[in-house]
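Participant: this one's sequence-less:
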């Protein structure tokens, strides 16, 4: 470890909540007397450059959570961080062009055997750390029976592979309409199917599309897809509800939660199409100040699911500093709500984070060195 810097000690107290899912309600909130401390650790880069221009935007953890793999988009380079020693272990250069070329790929998934699943055009496939493609994956929707994904790149969104079965899953959809579906693909038979996610279609009510001759932008709610305990968990920032897809039973279930300290979903009317940047910013502020539910994270040590929710308070104009309200949510293995608490004193955006050994690691830039704010929660 290069250095350990104590940063602050914070105490957060939440009001009483409920425990249970939509069918089962109990009385206590395990986060009612939540306290937590935060330290900062900095990775020893061994005099190599870890480019933080894009932060820690593209990363994944090994299955045992001992290593973090960070992708350098510009250098086409994977860097392996030892999370126990907090040191850069190794750098793995890949090619951009040629038979093993990654092109403009950014997303990847590290598999238990140390190989990488990399969806890229035209060389999607499984690669070893020496940059060699071991097997090709066809992600062209036109070539896969039963898949109607709209455009050639649609299947890449939130794509992952089940390392045990080889099945592929992703969340393709209409980018402008901001509605997604679950794609289930069998690469062996080159066939698959699309499964609608109707409970999440309401997220389209909060998209903002600025389209003009002078410029444009689009803001949509984020979907996430996670494979945990051989099941798929699908979340959307517009509401607390979670879809659970069981591949073995081919069943889809939607679970909602009786949150008390925050609304369970966004509401109100948003102008979905605007013609000026000013109007785009005003609508963006309206959406940001409402609750956004983040992806689900499983922690082996505590045998619990953890999740964050947040509200964003932007300035009067772009570039003004923003402030955030952050909330911690805890569920048991059956997705019963165990507790909820506002993280008082944490007014920065929590992003690019992961859970390890019962602690939260959130990316921070420490004088252009890769670092993590490490949260230790006590409840």
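Facilitator: Here it is on my side, so go on. Being a predicted model, the structure only gives us computed values, none of them experimental.
Participant: which residue packs closest to residue 358, ignoring adjacent ones?
Facilitator: Once flanking residues are discounted, residue 358 sits nearest to residue 301: 4.1 Å by C-beta to C-beta, 6 or more residues apart in numbering. All C-beta atoms are positioned from the backbone trio N, CA, C, and that covers glycine.
Participant: Show me where this protein has its helices.
Facilitator: Along the chain, counting by DSSP state H, helices occupy 277-288.
Participant: Low-confidence stretches in it?
Facilitator: Applying pLDDT under 70 to the chain flags residues 1-27.
Participant: distance of the residue of it most remote from its centre from residue 276?
Facilitator: In the chain, residue 213 marks the outermost C-alpha relative to the chain mean, sitting 32.9 Å out by C-alpha atoms, centre = their mean. Note on residue 213: its distance to residue 276, by C-beta to C-beta, to the nearest Å, is 11 Å.
Participant: now residue 183
Facilitator: 36 Å.
Participant: Residue 124: neighbouring residues, count only.
Facilitator: Neighbour count for residue 124, taken as other C-beta atoms under 10 Å: 23.
Participant: wait, what's in contact with it?
Facilitator: 118, 136, 137, 138, 139 (C-beta atoms under 8 Å, 6 or more residues apart in numbering).
Participant: Ramachandran angles for it?
Facilitator: Main-chain dihedrals, residue 124, degrees, to the nearest 10: phi -60, psi 140.
Participant: again, but for residue 129
Facilitator: Torsion angles at residue 129 (phi, psi; degrees, to the nearest 10) stand at phi -80, psi 0.
Participant: measure it to residue 63 for me?
Facilitator: 15 Å.
Participant: out of those two, which sits in the busier spot?
Facilitator: residue 129 (15 against 12).
Participant: so the more buried one touches residue 111, yeah?
Facilitator: No. Look at residue 129 against residue 111 with C-beta atoms under 8 Å: they stay out of range, at 11.0 Å.
Participant: Mind jotting down where the strands sit in the stretch 51-200 of the chain?
Facilitator: For the stretch 51-200 of the chain, the strands defined by DSSP state E, counting those that start in this stretch cover 59-61, 67-72, 77-82, 87-93, 109-110, 116-118, 125-127, 133-136, 160-161, 168-170, 173-174, 179-186, 191-196.
Participant: In TSV: those, plus distance to residue 339 and mean neighbour count.
Facilitator: TSV is the format used below for the strands of the stretch 51-200 of the chain (distance: least, C-beta to C-beta, whole Å; neighbours: other C-beta atoms under 10 Å):
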stretch	distance to residue 339	mean neighbour count
strand 59-61	25	18
strand 67-72	28	22
strand 77-82	31	21
strand 87-93	35	16
strand 109-110	31	19
strand 116-118	35	22
strand 125-127	40	21
strand 133-136	44	12
strand 160-161	28	20
strand 168-170	30	23
strand 173-174	33	19
strand 179-186	29	23
strand 191-196	31	16
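Participant: Reformat the ones you listed as a markdown table; add distance to residue 331.
Facilitator: Converted to a markdown table, the strands of the stretch 51-200 of the chain look like this (distance: least, C-beta to C-beta, whole Å):
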| stretch | distance to residue 331 |
| --- | --- |
| strand 59-61 | 20 |
| strand 67-72 | 25 |
| strand 77-82 | 29 |
| strand 87-93 | 33 |
| strand 109-110 | 24 |
| strand 116-118 | 28 |
| strand 125-127 | 33 |
| strand 133-136 | 36 |
| strand 160-161 | 21 |
| strand 168-170 | 22 |
| strand 173-174 | 26 |
| strand 179-186 | 21 |
| strand 191-196 | 23 |
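Participant: Among those, which comes closest to residue 239?
Facilitator: strand 179-186 (13.5 Å; C-beta to C-beta).
Participant: That closest one packs against which elements?
Facilitator: Taking 3 or more C-beta pairs under 8 Å, 6 or more residues apart in numbering; DSSP states H and E as contact, the helices and strands that strand 179-186 lies on are strand 168-170, strand 173-174, strand 191-196, strand 239-246.
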